[in-house]
Structures are given as structure tokens and as C-alpha cells.
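**Student:** Quick one: sequence plus predicted model below, questions after.
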Protein chains: 2
Amino acid sequence: METASAPPPEERRRDAAATRRRLLEAARDLFAERGYEGTTVRVIAARAGVNQALLFRYFGSKRGLLTEVVALGGLEQLRATPPEELFETALRSMLTRSTEGPEDRSLEVYLRSVGRGDEAAGTLRELGEAYQSALAGLSGAPDGALRADLAMAWLLGIGLMRTVVAREPLAGADPDEVCRLVLGTLGHLWAEPKPGEDGE
Amino acid sequence: METASAPPPEERRRDAAATRRRLLEAARDLFAERGYEGTTVRVIAARAGVNQALLFRYFGSKRGLLTEVVALGGLEQLRATPPEELFETALRSMLTRSTEGPEDRSLEVYLRSVGRGDEAAGTLRELGEAYQSALAGLSGAPDGALRADLAMAWLLGIGLMRTVVAREPLAGADPDEVCRLVLGTLGHLWAEPKPGEDGE
DNA sequence: TACCGTTGTAAGCAGCTGCTTACATCCGGG
DNA sequence: CCCGGATGTAAGCAGCTGCTTACAACGGTA
């Protein structure tokens, strides 16, 4: 069938690297959609079109898979995005379910995986702290970290409300409109003065 | 010990009503702390000091228990609270883990139980819509429902961030301070104009 | 061609989940 | 007293979870 003149990729039938990548991509999307605990290894393997035992061969555990997913495009891409665009980027990617191209889903993965227990704690905490310190600088206030946490909390809540309860009008709202409302309001959070202090 | 002059309660050893109530209270607290899916029937029964089979005798299913928990202090107490105090009341009860007295935990139960799937959907959706319409009136804007959703999303996110990831500084922050920041910021959400429209 | 590590597969493990069943025990009314 | 429904208990069900094991099949190398 295929002309043998093109040697390189040619769809190898047994390809560990490709299998790893497919698992990684399936896990990235599923974790972002359903959270860590809401995603089963069987579903990950199925979406990747791979036997689930291979997940454990290549990543050791479900937790190990999460670690690699987060490490993959996560911290690095975070550092490449200017802080003032960080929140809007994350919010927009959370509001649009397009999922095309290698977007930065790391914040989304983090926020959606936050639910329930210590299972996913360690790895995700690191990513969360990185985002926290990036956002903290946006407010001149000395409690910038707290304000950053509140902003992330809102992001988390919006994501859950949209995809999990899917309640109208939030679920079907125009992303631009939601973005405008949230970003406009958050501007005031950064500026809100501490009690007993003048502005910045 | 006890004078026999008071016949009525006297701690009956087999008391269906008391057992029901203990299960209800245990479930209310646990659902608020861990969410619906994060709470197992065995844990509920254990905290209530009751055999878990009785949970099914009295409520039919875990879902049935949730329905009664929500119906209990939920919608009724919601209607008794003026809308402008609703958000602050819910936020405060979420920020303080005191858990003393029969507080209105209904919004907390709702928000914490929102995670994952359709399991708890029906009953909780009703409660959520009641809160939504109550909050929607706070903004004069025609998209008040959307803004109400966004406010509830923030509440949900703050609760999850505090109890689940327990990340500093949000986890240990002074409730009054958090309250002030959030309420101050939300004031701007109610006032934020729609594009192409003047204020209200 | 014969070999052997790499890759893929099927089955099953223990532990958890919500829920059910069969059975003790209490206790008020006859 | 004693019977029978109400109440409480122990055990177990099927189905799910993350994970492991024993084995088959491929394919580069010697």
C-alpha cells in the first residue's frame, strides 16, 4: 500500500513513545474536563486507545501520570506568560471548550483537580503556588497573595459551575461577556484598599 | 441520677425519630464539609453512631438523605433571609468552621455537593435556582442571573480552596478580612455596566 | 534463522462504594 | 404474660476503583 520511499515515521505499529504521548494527551484533557478524582484510569486508556496496563508501565501510577501532565506544559508555559495576561488566558480557555491545539490547560487542570482530599495535593500545590505568586504581584497591596487566592478561587468556581452543574445562564453565557464582567470586577479586587491603609 | 418526675424524653434506647435526626445532622455537616460524593454512607452512619443499614431504612438511598437534608433547613430559611444579607451570611458560615447551632448550611451543602456528575443534580438544582433568583435581584442589570451565578461560583471556589487544598494564605485568613475583600469587590460586580448601556 | 528485550493484552487482585438481606432484640398493647 | 411490629445488627451483594500479574506477539540484532 504505502510507498516504501518515506522511511522515517510511517506509523510504526508498536511505538512506546507514541503510546506515552497519547496517554499524556488523553489525561491532560480528561483531568481538565472532569478533575483528577473524577477521571478513571480505564477512561484515560480508552480515550488514548491503549491498554490500561500500559498506563502503569509508563507512569507507575495514576498520580505519576498527573505529575507528568502538570510538568509537561505547566510551569514552563506559566513562566512564559506575563502575569497580567495570566488570569484572562486561563479564564478564556476555561470558558471555551474548543480544546484545539496545545493550549495551556495547566491552571485548568489544577483547579479542576482540586476537589477531594490529599490525593493530588503535592504536585498540584507546587503549580498552584507558582500561579499564586505570579498573580500576587498584580495588586500593590501587601496581602497580594490572599487576593491572588481569591481570584483563583473564582476561576475554580466558574469552571465547576459551567461544566459540572451546567446551570444557565452561566453555562451558555457568551465567553466575552463573562470575561468582561469578571475581569472588570477583579480590577477592583486588586485595587481594594486594606483597612487602615491608603491605596498603594 | 435523673429524677423520675420528668417522664417524656428520658433517653429511650430505641428511638426511630432520634436516629433519623442524628443521621440527618451527621449528613448535613458531612455534606457541607466534604460534598455529597466525597461523603460515604458508612462515614455518615459512624458519625451518627448508627448502623448504616438504618440509613437506607429511613431514607431509601443516599440521594434520599440528601433530599431531606436540603429540604430541611434549606429553601424555607432561604426565603426568611433578605437577599442583601444572603451572600454575606453564606460566606461567613463558609469561612467559620465553628459549626455550632442549627446554622443555614444549605448554600454550603449545595456548593460543596456540586462536584462531579449528575448524581446530586436534581434536588440541588432547585435550591441553586432559588438562591440564584434571590441574588439576581441585587443587580439592577438585566443580566442579574448571570451575575448571581458568578457570585455563587466565587463562593464555591472560596469554600473549596479553603477546606480542600487548605492553601495559605486563604486557608488561615481572617474571615472578616476575606469577607471585606469579597463583599467590597462584589459590590462592583452588581454595578458593572453592560456594554452599550448606561449604568442601570 | 534464532534469539530476546520491548511492546501489547487479558485477566484478576484487594479494597472501596451504595445498597440489601436475614436475623437478633426491644417493648407496647392484647 | 406474650405476641408482633418496630428497631437495631451483621454479613454480604454487585459494581466500581487503582493496580498487578502472567502471558502473547512483535521486530531489531546477531
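**Tutor:** Happy to help now that I have it.
**Student:** For the rest of this, base every contact and every neighbour count on C-alpha atoms.
**Tutor:** Fine.
**Student:** so residue A:141 is in which element?
**Tutor:** For residue A:141, there is no helix or strand it lies in under DSSP states H and E.
**Student:** wait, isn't it in contact with residue A:148?
**Tutor:** No - between residue A:141 and residue A:148 there is no contact under CA atoms under 8 Å: 10.9 Å.
**Student:** can you pull the buried residues of stretch A:66-76?
**Tutor:** A:66-71, A:73-75 (16 or more other CA atoms under 10 Å in any protein chain shown).
**Student:** my bad, should have said stretch A:137-151
**Tutor:** For stretch A:137-151, by 16+ other CA under 10 Å, it's A:137-139, A:141, A:144-151.
**Student:** Equivalent analysis for stretch A:71-90, please.
**Tutor:** Buried residues in stretch A:71-90 (16+ other CA under 10 Å): A:71, A:73-75, A:78, A:83, A:86-90.
**Student:** same deal with stretch A:36-51?
**Tutor:** Quick answer for stretch A:36-51 (16+ other CA under 10 Å): A:36-39, A:41, A:44-45, A:47-48, A:50.
**Student:** Next: stretch A:176-186.
**Tutor:** Result for stretch A:176-186 [16+ other CA under 10 Å]: buried residues A:178-183, A:185-186.
**Student:** hang on, the earlier thing: and the buried residues of stretch A:137-151 as TSV, adding secondary structure?
**Tutor:** Converted to TSV, the buried residues of stretch A:137-151 look like this (DSSP: H, G, I helix; E, B strand; the rest coil):
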residue	secondary structure
A:137	coil
A:138	coil
A:139	coil
A:141	coil
A:144	helix
A:145	helix
A:146	helix
A:147	helix
A:148	helix
A:149	helix
A:150	helix
A:151	helix
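**Student:** can I get those in a markdown table with pLDDT and distance to chain B?
**Tutor:** Shown next, in a markdown table, are these (pLDDT from 0 to 100; distance: CA to the nearest CA, whole Å):
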| residue | pLDDT | distance to chain B |
| --- | --- | --- |
| A:137 | 88 | 15 |
| A:138 | 86 | 15 |
| A:139 | 83 | 13 |
| A:141 | 83 | 12 |
| A:144 | 90 | 10 |
| A:145 | 91 | 7 |
| A:146 | 93 | 5 |
| A:147 | 94 | 8 |
| A:148 | 93 | 9 |
| A:149 | 91 | 6 |
| A:150 | 95 | 7 |
| A:151 | 94 | 8 |
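**Student:** just the buried residues of stretch A:176-186 now: which is nearest residue A:17?
**Tutor:** Using CA to CA, residue A:179 is the member of these that lies nearest residue A:17, at 38.3 Å.
**Student:** Which elements pack onto the helix or strand containing that closest one?
**Tutor:** Under the criterion of DSSP H and E, residue A:179 resides in helix A:175-191. In terms of contacts (3 or more CA pairs under 8 Å, 6 or more residues apart in numbering or on different chains; DSSP states H and E), helix A:175-191 is packed against helix A:83-95, helix A:144-160, helix B:175-191.
**Student:** and if we set it to 7 Å?
**Tutor:** helix B:175-191 (3 or more CA pairs under 7 Å, 6 or more residues apart in numbering or on different chains; DSSP states H and E).
**Student:** which one of the buried residues of stretch A:176-186 sits closest to chain B?
**Tutor:** residue A:185 (5.3 Å; CA to the nearest CA).
**Student:** By pLDDT, give me the weakest of the buried residues of stretch A:66-76.
**Tutor:** Lowest-confidence member of those: residue A:73, scoring 69 (pLDDT).
**Student:** Now for chain A, the helix or strand with the poorest mean pLDDT.
**Tutor:** helix A:106-112 (a mean of 72; mean pLDDT, DSSP states H and E).
**Student:** do that helix and chain B meet at all?
**Tutor:** No - for helix A:106-112, no contact with chain B is found by CA under 7 Å from any CA of the partner chain; the gap never falls below 9.2 Å.
**Student:** centre of the chain versus the very next helix or strand once past that helix, how much separation?
**Tutor:** Per DSSP H and E, the first helix or strand lying C-terminal to helix A:106-112 is helix A:121-136. The chain centroid and the centroid of helix A:121-136 are separated by 12 Å under CA atoms, centre = their mean, to the nearest Å.
**Student:** ok, and what's touching helix A:121-136?
**Tutor:** A:67, A:75, A:83, A:110, A:144-145, A:147-149 (CA atoms under 7 Å, 6 or more residues apart in numbering or on different chains).
**Student:** of all those, which comes closest to residue B:61?
**Tutor:** Nearest to residue B:61 among the contacts of helix A:121-136: residue A:110, at 32.5 Å, using CA to CA.
**Student:** Kindly tell me how buried the closest one is, as a neighbour count.
**Tutor:** By other CA atoms under 10 Å in any protein chain shown, 26 other residues sit near residue A:110.
**Student:** Could you find the closest non-adjacent residue to it?
**Tutor:** Computed as CA to CA, 6 or more residues apart in numbering or on different chains, the closest residue to residue A:110 that is not its neighbour in sequence is residue A:124, at 5.9 Å.
**Student:** Please apply the same query to residue A:61.
**Tutor:** Counting by CA to CA, 6+ apart, residue A:61 lies nearest to residue A:55, which is 7.4 Å off, once chain neighbours are set aside.
**Student:** In which helix or strand does the one you found reside?
**Tutor:** helix A:52-59.
**Student:** for that helix, which positions count as buried?
**Tutor:** A:52, A:55, A:59.
**Student:** need the residues you listed in a markdown table with pLDDT, can you?
**Tutor:** A markdown table is the format used below for these (pLDDT from 0 to 100):
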| residue | pLDDT |
| --- | --- |
| A:52 | 96 |
| A:55 | 97 |
| A:59 | 96 |
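**Student:** Fine, thanks again, bye for now.
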